[in-house]
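*Asks:* Need coordinates for the below:
(one chain, ligands or ions: 2)
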Amino acid sequence: MHDTLARLEKIPFPALRRSRLDTLQINVGYRCNQSCLHCHVGASPHRTEEMSGAVTDTVLQFLERRRIATLDITGGAPELNPHFRSMVTAAREMGVRVIDRCNLTIFEVEGQQRLPEFLAGEQVEIVASMPCYLQDNVEKQRGKGVYDVSIRGLQRLNALGYGRDGSGLTLNLVYNPLGPSLPPPQIALEADYKRELHERFGIVFNNLFTLANMPIQRFGAILLSQNQFDTYLDKLLHAHRNENLDGVMCRSLLSVDYRGYVYDCDFNQMLDLPLARRGRDRIHLSDLLDEDIAGNPIRVAGHCFGCTAGQGSSCGGALKEAAE
Ligand code: SF4
Ligand code: SF4
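*Replies:* Ligands and ions are numbered 1, 2, ... in the order given. Got it, this is the predicted structure:
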């Protein structure tokens, strides 16, 4: 990973500053029931890092004090954090929109079988990874047996009303390419997913988000080991579009690690590039309870071209289409 960062920091990227903060994205730990090839977090069942109750309390305080509209919870498998459910309930009671980045296979893990009912009861939005509608492609990226479990998970969510018009329960899927290529156009791929998943399994969902693979963590290491790192970076760089700069997620989102330290985005968190403020090495979320960080410079480097290449990429999918 350090090799990746050293190379990325040498690549200049246009200067960016933060605007109004509307989303707190928290990583509640690296433990996951899966260990996917392209995981930019490097999550697996063997990781033990997780957000403590003291930090989730600070998160709730921050949401209230700074009047943050959206709490976006990621991991690992976020639901494995012992404070996940109490934090979700408290955030929902404050009227905060809550997003759970869910891997779908978690619903069949011991102790998590009633998770879909909990999420529906709290009207949590689900963003679920589904790298393809075809079994072979899903299992190449996420492991053998994952496809069938994911399909059963989607069917359970649909049975609760997720993805269905008028239910108020949002189910979005995430696609990312298998290899070092840019994602295809989001609107066309969403239509394919909707048709195929409905015809094959009767599954419905709201939106498909297409995300570019970031040249960091496990994927970055694979690129380096296969001597494809520079080629992939060139591809991202040549596809850069200035008009995507306004919409990059770091302008309105703050990323928090399991210890409570803050970053401009989840990718910077994984690269260990903390938010730059007042010359301090690291800033904790508790330091920002009474501070407005609008205007703060954003720490950019070569990986940022993953957000601005082509149709653009953010945790809410393509930038151009997302904005339309
Ligand atoms: S399910 Fe998600 S968090 Fe877990 S290993 Fe796969 S990509 Fe990483
Ligand atoms: S990787 Fe993307 S979201 Fe993160 S700082 Fe760079 S442009 Fe912003």
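*Asks:* quick one: secondary structure of Gln61?
*Replies:* The three-state assignment at Gln61 reads helix, by DSSP: H, G, I helix; E, B strand; the rest coil.
*Asks:* what's the closest non-adjacent residue to it?
*Replies:* What sits nearest to Gln61 in space, not counting adjacent residues and going by Cβ to Cβ, 6 or more residues apart in numbering, is Leu289, at 6.3 Å. Heads up, the C-betas are built off the backbone N, CA and C, glycines and all.
*Asks:* so that neighbour makes contact with Arg65?
*Replies:* Yes: assessed by Cβ atoms under 8 Å, Leu289 is found in contact with Arg65 at 5.2 Å.
*Asks:* and the closest residue to ligand 2 within the stretch 51-200 of the chain, what are its phi and psi?
*Replies:* Scanning the stretch 51-200 of the chain for the residue nearest ligand 2 gives Asp72, at 12.8 Å (criterion: Cβ to the nearest ligand atom). Dihedral pair for Asp72: phi -110, psi 120, per degrees, to the nearest 10.
*Asks:* so it bridges to which residues?
*Replies:* Here Asp72 sits in beta bridges with Gln25, Ile99, going by DSSP bridges.
*Asks:* From ligand 1, how far off is it?
*Replies:* Per Cβ to the nearest ligand atom, to the nearest Å, Asp72 is found 14 Å from ligand 1.
*Asks:* got the residues of the chain near ligand 2?
*Replies:* Listed as neighbours of ligand 2 in the chain under the rule Cβ under 6 Å from any ligand atom: 248-250, 264-265, 267-268, 298, 300, 303-304, 307.
*Asks:* Now with 8 Å, please.
*Replies:* 13, 16, 214, 245, 248-251, 253, 264-268, 298-301, 303-304, 306-308, 313-314 (Cβ under 8 Å from any ligand atom).
*Asks:* Narrow these to those in strands?
*Replies:* Among the residues of the chain next to ligand 2, DSSP state E puts Leu253 in strands.
*Asks:* Which of the residues of the chain next to ligand 2 are buried, as a ChimeraX select command?
*Replies:* Filtering those down to the buried ones (16 or more other Cβ atoms under 10 Å) takes a single ChimeraX command:
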select :13,16,214,245,248,249,250,251,253,264,265,266,267,268,298,299,300,301,303,304,306,307,308,313,314
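*Asks:* confidence score at the spatially closest residue to Thr105 that is not a sequence neighbour?
*Replies:* Nearest residue to Thr105, sequence neighbours excluded (Cβ to Cβ, 6+ apart): Val149, at 4.6 Å. pLDDT recorded at Val149 is 92.
*Asks:* list the contacts for Val149?
*Replies:* 104-105, 107-108 (Cβ atoms under 8 Å, 6 or more residues apart in numbering).
*Asks:* mind running it again at 10 Å?
*Replies:* Residues counted as contacts of Val149 (Cβ atoms under 10 Å, 6 or more residues apart in numbering) are 33-34, 103-109, 142-143.
*Asks:* Which element, helix or strand, includes it?
*Replies:* helix 146-159 (DSSP states H and E).
*Asks:* and that helix, which residues are buried?
*Replies:* For helix 146-159, by 16+ other Cβ under 10 Å, it's 146-147, 149-151, 153-154, 156-158.
*Asks:* And these, which is closest to Asp234?
*Replies:* Nearest to Asp234 out of those is Val146 (Cβ to Cβ; 31.7 Å).
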